[in-house]
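Sharing a sequence plus its predicted fold:
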Amino acid sequence: MPTSDILENLTDAQHEAVVHMDGPMLVVAGAGSGKTRVVTRRIAHLISKGVWPSQILAMTFTNKAAREMKERIGELTGAEPPRWVGTFHSACAKLLRRDLDKLSDDSRTGSFTIYDSGDQKSILKLCLKEFGVDTKSLSPAQAQTAISKAKVAMIDPDEYMPSAYFSSLRLDEVYAAYERRLREFNAVDFDDLLLLVVRLLESRPDVRDMYHGRFRHLLIDEYQDTNRIQYRLMKLLGGPAHNVHVTGDPDQSIYSWRGAEYRNIMEFTEDFPDARVVRLEQNYRSTQTILDVANELIEYNFDRISKELFTENPIGCPVGVIELPNGRHEALWVANRVQELYMDRKRLSDMAVFYRTNAQSRALEDAFIDAAIPYQVLGGLRFYERKEIKDMLAQLRIMVNPRDTISLERVVGSKPVGVGAKTFAKILDRAAANDLSPLELLQREDFSSLYGGRGGGKKVVGFADWCRGLAELPLDSVGDCVAEAVSYSGLVSLFESQGRSDPLSESRIDNLGALVDRAYEFARQRPDADLRLFLEEMALVADVDAHDPETDAVSLMTLHSSKGLEFPFVFIVGLESGLLPHRNSCETQEQLEEERRLLYVGLTRAKEEAVLLHVQVRSQWGRDDYTSPSPFLAELPEEGVERLDLSGGGAFDDW
DNA sequence: AAGACGGAGGTTTTT
DNA sequence: CCTCCGTCTT
């Protein structure tokens, strides 16, 4: 391996971080300071020094980050990247598939299903009903938020004290029931993936020692975004050698709403007094002007370690702050500017538009469509969130996990089998009485003699037959398996028959086809993997719309998903009170500071040009609201900022 | 059991 | 504005 390449073109600080071998290290890496470069080169360096790739565990927050890391390591080493480079959640899932059975007091097996937030809400609906809680006073979504908060803080149901607001609603019992249901269905939620690994490692020293022996080096990216479980995980996996290498930037902590405790990064040196600390403060990305403006903005945060990023890049042009009459004008202005840049021979893939909420993408998309500008939206509705895909995945899930009754219910609802809520409830009761899962009951019970083939019974018989046939489907090859399952589901012919009345049917059929394609592609990449792993991939990494920097299109995304990316030209829209900072995040100083960091993250994505836009009238839910500019705009310096008031119209009147 | 209709509400951000 | 839920009807 060409070790020389790995150590080439590094500053002293970067070099120190790259060649660090054993012991804890914290890399405080400002925006655009070459953090990814440091992490990937360090991994390549470790390997060049004889560390086996399989001894390295590197965890990121997003699939995007993991993918990029793998690619760059592959380029550096010219070999397959280490297998244990992935998100926290996928690494934990992988570990649990192997070893969950070793956790006592838990009836779940390695074939568990991973529930997304929709599935969680379905269970919670059951639980709320069970306790007669009125969903108007406590919605499944609220319960989910509250329970997830508790889980992330590692508070078990028996220790849980509902906040005063929920105290009358037996939320603690709902929480306990929710946990029981997950076990019953052999399912885990996103939080469990991490939580169960912590429980496993804490309760089984032998398992813990096994992993200590296995993972000699632990790397954690975006450490400022770790929550309490992830922190605990870091301590547990770090092993006696404390070969823990964490990187992050407190100024880019934007996930406290899901339990991230950015104090973790501030306190790393207290946890590991012998930790080496490296600061990367030179920015290689942005112009001096952009960086100065961003620095000035973030200075307004009280709770931070002072840090001044500098750059040797050119001064560049001023940051634009533009006021327009309404959202339509805003979108048109951006589209227009994009066209100007394009005429100036700039590439569309070098441009990005950021917004606070996904809902804002729509107006921009309309304008881009009208102007025939190619664009790609990141995030938004993901592939696996489409109804027909979820229906199909539900069927695949019950094929590998017969206890997954939430998915069974979905299967029942997705097809015109003639089994309604009442019949299904009967099946549930009967299953419980026989100590079987409902699917097992359906597959084993002789419904024809039970009902004597009368009336409604006939339909159950038909569905039971279908369930039995399900068990006959081949499970060996993932591609064939999914293809067979799709055809067995009857969904395609159902949509075909609906085709005349429903214009969506065609795209639904296409999507099911795409699912089959993905299964074959998955099988090609991972010949040894089974259906379980395919479903895991669909639950954890199903962002097919992932950002593709090769595509010649403008990128649209939330400020949150912009983290880690960079673009020569950046537009940030909706800089208004209520949107940024968002109206739901203005209560406390901490929330407000996080909103400011969000803008900071967006600004520091820009390499050459950044434009911030705000409007006087923002339409939301068909309602027009007068807005005031974001207070953050007033915090930007005079110098390096060019303010333009186009609210008087003129630019795009009569559009 | 399934389709139509009416009302309420509306995740900010993601694994 | 749109979507999701629940209820009412057939």
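Structure's in. What do you need? Numbering: from 1, shown residues only, chains lettered A, B, ... in the order given.

Please report phi then psi for A:Val615.
Reported as degrees, to the nearest 10, the phi and psi values for A:Val615 are phi -120, psi 160.

On the pLDDT front, check it for me.
Per-residue pLDDT puts A:Val615 at 93.

Bridge partners for it, pull those for me.
A:Leu324 (DSSP bridges).

next one: A:Ala58
A:Val85, A:Leu219.

Surely it and A:Pro81 touch.
No. A:Ala58 lies out of contact with A:Pro81 (Cβ atoms under 8 Å); the separation is 9.3 Å. For every residue, glycine as well, the C-beta is placed using N, CA and C.

Please say which of those two ends up with more neighbours.
Comparing A:Ala58 with A:Pro81 by other Cβ atoms under 10 Å, the one with more neighbours is A:Ala58, at 26 against 23.

Spell out which parts of the stretch 51-200 of chain A neighbour DNA strand C.
A:Thr135 (Cβ under 7 Å from any atom of the strand).

quick one: low-confidence parts of the stretch 51-200 of chain A?
A:162-169 (pLDDT under 70).

how about the helices in it?
A:63-77, A:88-99, A:117-130, A:140-152, A:171-184, A:190-203 (DSSP state H, counting those that start in this stretch).

And the longest one, what does it pack against?
Packed against helix A:63-77, as judged by 3 or more Cβ pairs under 8 Å, 6 or more residues apart in numbering; DSSP states H and E, are the following elements: helix A:35-48, strand A:56-60, strand A:85-87.

what about that helix, near DNA strand B?
Yes. Counting by Cβ under 7 Å from any atom of the strand, DNA strand B is contacted by helix A:63-77 at A:63-64.

buried sites along that helix?
A:63-70, A:72-73, A:76-77 (16 or more other Cβ atoms under 10 Å).

Those residues into CSV, with extra columns for distance to A:Ser407?
Output for the buried residues of helix A:63-77, formatted as CSV (distance: Cβ to Cβ, whole Å):
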residue, distance to A:Ser407
A:Asn63, 23
A:Lys64, 28
A:Ala65, 30
A:Ala66, 27
A:Arg67, 28
A:Glu68, 32
A:Met69, 32
A:Lys70, 31
A:Arg72, 37
A:Ile73, 36
A:Leu76, 42
A:Thr77, 40
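
For DNA strand B, state which of the residues you listed is nearest.
Comparing the buried residues of helix A:63-77 against DNA strand B with Cβ to the nearest atom of the strand picks out A:Asn63 as the nearest, at 5.7 Å.

Please name the nearest non-neighbouring residue to that closest one.
Leaving out its chain neighbours, the residue that sits closest to A:Asn63 by Cβ to Cβ, 6 or more residues apart in numbering is A:Val541, at 4.6 Å.

now that neighbour: how far from A:Asp192?
According to Cβ to Cβ, to the nearest Å, A:Val541 and A:Asp192 sit 18 Å apart.

Now for the residue in chain A positioned nearest to DNA strand C, how many residues are close by?
Nearest residue of chain A to DNA strand C: A:Gly622, at 2.9 Å (Cβ to the nearest atom of the strand). Residues near A:Gly622, counting by other Cβ under 10 Å, number 5.

Noted, bye for now.
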